[in-house]
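[1] Generate coordinates for the sequence data below:
(one chain, ligands or ions: 2)
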Amino acid sequence: MLLSQLFTKTRKEALKDEVAKNAQLLIRAGFIHKEMAGVYAYLPLGLRVLSKIENIIREELNSVGGQEMLMTALQKKELWEKTNRWDDKVVDDWFKTTLKNGTELRLAFTHEEPLTNIMTNFVSSYKDLPIYAYQFQTKFRNELRAKSGIMRGREFLMKDLYDFSRSKEEHEKFYEKMKEVYMTIFKRLGIGDQTYLTMSSGGSFSKYSFEFQTITDAGEDTILYDEKTGVAVNKDDDSEDIFADFGIDRSSLDLKEARSVEVGDIYSLGEKYSKALGLTYKNEDGKEQYVYMGSYGLGLGRLMGTIVEALSDEKGIVWPGSVAPFTYHLLCLSKESRIKNQADKIYDQLRGKNIEVLYDDRDVSVGVKFADADLIGIPKQMIVSEKTLEKGTEAIEIKNRKDGTTTQGNVGDIEL
Ligand code: ATP
Ligand code: MG
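    Ligands and ions are numbered 1, 2, ... in the order given. I've put the predicted structure just below:
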């Protein structure tokens, strides 16, 4: 893509009312637009990153048998009354609305109820199970505080997967597998080293659940973590009970404390929803059983914001290659036409190979080009200049955004 054609522009200054570093940088670099507190639009660069995050998650979930679907944001009362989650005293962050005929509706903050209800149409025998269904869908939550940029939205994209299993054992096997799948996703997103499997209280369903916490000062949580074993506990839930119940001798751990953000969580739901909504199956002996469930959330905006918080530097964003909006940021450092023509040719050559490249073809100074490239954060800057042209018509220099190191190369040797 030609930078001159991109409708977004970079900004020197952050918005006055934006306190979160992730949103400040993403707004300055033109990835997102702030509509109001906790509500952000994804602009072309931002959508490219979001889609890459989505695809990595999709690939990993499909690899363990996940089936993608898309549920509705509008929710009807009956289902939520059956599970006692309609009342504001029980769920305080619902957004409400009403049809013209007076029927009360709400905007989904999660989807256990509608999906369990959908499954009653398709599940009747043990042969129908297990099922792993997931979606990428907009959730609405009337969050009290929305000061963490895209890490805590009032409208945000979530991946939510639900498992429908024949037994606790079958569910637990999948639950363990998902811990690995989540860690693989975080590694691919470039935040694997900072992300810890964290024990926390299980809420109303089980004694414990697991969260995935990424260490960053921008986080709203605090974890106690052990670098050697890679395990952590949410400080809010720290108790002698946890490290006993998991057979870990706390005195042998040298626990460190850090601010962190919950990027994902996984719950055992048991039979709570299947009982309330009548989701049963006949086992091999013809006996009616309740389906055993679990749920697995991941916030896409929260992940994107966390990547920005964890990996950016004083010059701007530093994307990991896996989610960068483009693979290369092509910079022509001269206004001389023979060098500019050369850069145009290199741009065409890269596009011919289906390599994603953002070409700064604007008539601006070298300083502005580098400042914008550093702010936008594409990990590899490809430079064409008088110096490279002296070495040959295909010569280029690659500058690494993260550490500023450079290597010389040939555009013909660049692979996808
Ligand atoms: P938190 O304690 O941070 O409010 P939660 O316990 O409400 O999170 P879940 O309801 O389990 O989170 O949602 C699953 C995932 O969705 C979270 O792990 C997080 O990644 C993401 N998420 C939750 N709330 C938000 C939000 N307001 N904005 C962006 N992402 C969110
Ligand atoms: Mg919440």
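
[2] Restricting to C-alpha, output stretch 289-299 in CSV.
    Provided in CSV are the C-alpha atoms of stretch 289-299 (Å, rounded to 0.1, in the frame of the first residue of the first chain):
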residue,chain,number,x,y,z
GLN,A,289,-27.2,-37.1,31.3
TYR,A,290,-26.5,-33.4,31.6
VAL,A,291,-23.8,-32.0,29.2
TYR,A,292,-20.6,-30.9,31.0
MET,A,293,-19.4,-27.4,29.9
GLY,A,294,-16.4,-25.0,30.0
SER,A,295,-15.8,-21.5,28.5
TYR,A,296,-12.7,-19.9,27.2
GLY,A,297,-12.4,-16.2,26.6
LEU,A,298,-9.8,-14.0,24.9
GLY,A,299,-10.1,-10.2,24.3
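
[3] Report the distance from it to the chain centre.
    From the chain centre to the centre of stretch 289-299 is a distance of 20 Å (C-alpha atoms, centre = their mean, to the nearest Å).

[4] can you check stretch 86-98 too?
    That offset, for stretch 86-98, works out to 26 Å (C-alpha atoms, centre = their mean).

[5] Mind listing what's buried along it?
    Buried positions in stretch 86-98, judged by neighbour count with 16 or more other C-beta atoms under 10 Å: 86, 91, 94-95. The C-beta positions use only the backbone N, C-alpha and C, and glycine is treated the same way.

[6] so which pair among those residues is furthest apart in space?
    Trp86 and Phe95 (13.3 Å; C-beta to C-beta).

[7] any residues in contact with both of the two?
    The contact sets of Trp86 and Phe95 overlap at Arg106 (C-beta atoms under 8 Å, 6 or more residues apart in numbering).

[8] Tell me the secondary structure of the residue of the stretch 301-416 of the chain found nearest ligand 1, please.
    Ranked by C-beta to the nearest ligand atom, the top residue of the stretch 301-416 of the chain for proximity to ligand 1 is Arg302, at 3.9 Å. What DSSP: H, G, I helix; E, B strand; the rest coil gives for Arg302 is helix.

[9] With Glu309 instead?
    helix.

[10] Identify the residues contacting it.
    With C-beta under 8 Å, 6+ apart, Glu309 has these contacts: 21-22, 151, 216-218, 261.

[11] from those, which single one is nearest ligand 1?
    Met151 (6.2 Å).

[12] And the pLDDT for the closest one?
    You'll see Met151 listed with a pLDDT of 97.

[13] my guess is it meets Arg302, correct?
    Yes - counting by C-beta atoms under 8 Å, Met151 does reach Arg302; the two are 4.8 Å apart.

[14] between these two, what contacts are shared?
    Residues touching both Met151 and Arg302 (C-beta under 8 Å, 6+ apart): Val261.

[15] so how far is the longest strand seen in the chain from its chain's centroid?
    Counting by DSSP state E, the longest strand found in the chain is strand 256-270. Distance, stretch centre to chain centre, for strand 256-270: 14 Å (C-alpha atoms, centre = their mean).

[16] just checking, what packs against it?
    Packing partners of strand 256-270 (3 or more C-beta pairs under 8 Å, 6 or more residues apart in numbering; DSSP states H and E): helix 168-188, strand 195-201, strand 208-215, strand 221-226, strand 292-299, helix 300-311.

[17] Output the third one in CSV with nothing but the alpha carbons.
    Same thing as strand 208-215. The C-alpha trace of strand 208-215 is given here as CSV (Å, rounded to 0.1, in the frame of the first residue of the first chain):
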residue,chain,number,x,y,z
TYR,A,208,-10.4,-22.3,41.0
SER,A,209,-10.1,-21.0,37.4
PHE,A,210,-7.2,-20.1,35.3
GLU,A,211,-6.3,-16.8,33.9
PHE,A,212,-3.5,-15.8,31.6
GLN,A,213,-1.7,-12.7,32.9
THR,A,214,0.8,-10.7,30.9
ILE,A,215,3.2,-8.6,32.9
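
[18] ok, the closest residue to Glu68 other than its chain neighbours to ligand 1 distance?
    Excluding the flanking residues, the one nearest Glu68 by C-beta to C-beta, 6 or more residues apart in numbering is Tyr134, at 6.0 Å. According to C-beta to the nearest ligand atom, to the nearest Å, Tyr134 and ligand 1 sit 12 Å apart.

[19] Can you get me a residue count around Tyr134?
    Counted with other C-beta atoms under 10 Å, the neighbours of Tyr134 add up to 24.

[20] Quick one: closest of the helices and strands packed on strand 256-270 to Phe243.
    Of those, nearest to Phe243 by C-beta to C-beta is strand 195-201, at 8.3 Å.

[21] Show residues contacting the closest one.
    179, 183, 186, 207-215, 223, 225, 230-234, 236-237, 242, 246, 260, 262-263, 265.

[22] Of those, which ones also sit close to ligand 1?
    262-263, 265 (C-beta under 6 Å from any ligand atom).

[23] If we only consider the residues you listed, which is nearest to Ile355?
    Distance to Ile355, by C-beta to C-beta, is smallest for Val263 among these, at 29.7 Å.

[24] can you list the residues of the stretch 1-150 of the chain near ligand 1?
    110, 141, 143.

[25] Now with 8 Å, please.
    Residues of the stretch 1-150 of the chain lying near ligand 1 by C-beta under 8 Å from any ligand atom: 38, 109-110, 139, 141, 143, 146, 148, 150.

[26] Looking at the record's assignment, how would you partition this protein?
    3-311, 328-413 (automatic domain parsing).

[27] now the ones you listed as CSV including distance to Pro320?
    Listed next are the domains of the chain as CSV, based on distance: least, C-beta to C-beta, whole Å:
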stretch, distance to Pro320
domain 3-311, 3
domain 328-413, 7
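
[28] Near ligand 1, which residues of the stretch 251-400 of the chain? Just list them.
    261-265, 267, 295, 297-303.

[29] what's the neighbour count on Glu220?
    Neighbour tally, Glu220, other C-beta under 10 Å: 13.

[30] what pLDDT does it get?
    Note for Glu220: predicted pLDDT of 93.

[31] follow-up on the earlier one: between the ones next to ligand 1 among the contacts of strand 195-201, which has the most around it?
    That'd be Val263 among those, by other C-beta under 10 Å, with 27 neighbours.

[32] Tell me where the model's unsure across the stretch 251-400 of the chain.
    Along the stretch 251-400 of the chain, the parts satisfying pLDDT under 70 run over 251-253.

[33] returning to what we had before: now, the buried residues of stretch 86-98 that are in strands?
    Filtering the buried residues of stretch 86-98 for membership in strands, criterion DSSP E, returns Phe95.
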